[in-house]
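Novice: okay, here's the prediction I keep looking at, along with the sequence it came from:
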Amino acid sequence: MFELTVRDHIMIAHSLPDPFFGPAQALHGATLVVEVTWRRAELDEHGVVIDIGRATRALRAVLDDLNYTNLDEHPVFAGRLSTTEAIAQHIAEQVSPGLEAAGFAGLDVTLREHPDAWATYRMTW
């Protein structure tokens, strides 16, 4: 299995209004490092998993909609907590259309809240 990963980041604000989240119930900011990994069983006709420039542009297009926003007010998260896991799932769903038909085996989205904590959402076809 071959993999290619690109990384970017977003700055968001949000709250997690449930006692389970302790102090994160209050509105707070976060800088999330976002890594997307594309997977293929075999390289494409150009000998790559995906062009790095194409991967970078695809990720940035999705992140632009979230960057510098309050996710409590973002329609994607209406009625839903914007946990790190939920944000990773949203990004994966936005990046993934058409990938299976194009021969990709899967996609991982990892969000790093800080160097010691991260969450990953994995899609496999």
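Specialist: Happy to help now that I have it.
Novice: low-confidence ranges in the chain?
Specialist: Flagging of the chain using pLDDT under 70 yields an empty set of residue ranges.
Novice: from residue 86, how far off is the residue nearest to residue 83 when sequence neighbours are not counted?
Specialist: Among residues not flanking residue 83 along the chain, residue 16 sits closest, at 6.6 Å (Cβ to Cβ, 6 or more residues apart in numbering). C-betas here are computed from N, CA, C, even on glycine. Counting by Cβ to Cβ, to the nearest Å, the gap from residue 16 to residue 86 is 10 Å.
Novice: of those two, give the one with the bigger neighbour count.
Specialist: residue 16 (20 against 17; other Cβ atoms under 10 Å).
Novice: quick one on the thing from earlier: next up, phi/psi of the residue nearest to residue 83, please.
Specialist: Backbone torsions for residue 16, taken as degrees, to the nearest 10, come to phi -120, psi 80.
Novice: with the one 3 residues further on instead?
Specialist: When quoted as degrees, to the nearest 10, the phi and psi of residue 19 stand at phi -50, psi -30.
Novice: hang on, isn't it packed against residue 25?
Specialist: Yes - using Cβ atoms under 8 Å, residue 19 and residue 25 qualify as a contacting pair, with a distance of 7.0 Å.
Novice: so these two - more neighbours on which side?
Specialist: Higher neighbour count among residue 19 and residue 25: residue 25, with 13 against 7, using other Cβ under 10 Å.
Novice: tell me the secondary structure for the closest residue to that one other than its chain neighbours?
Specialist: Distances taken as Cβ to Cβ, 6+ apart put residue 17 closest to residue 25, at 5.4 Å, once the chain neighbours are dropped. What DSSP: H, G, I helix; E, B strand; the rest coil gives for residue 17 is coil.
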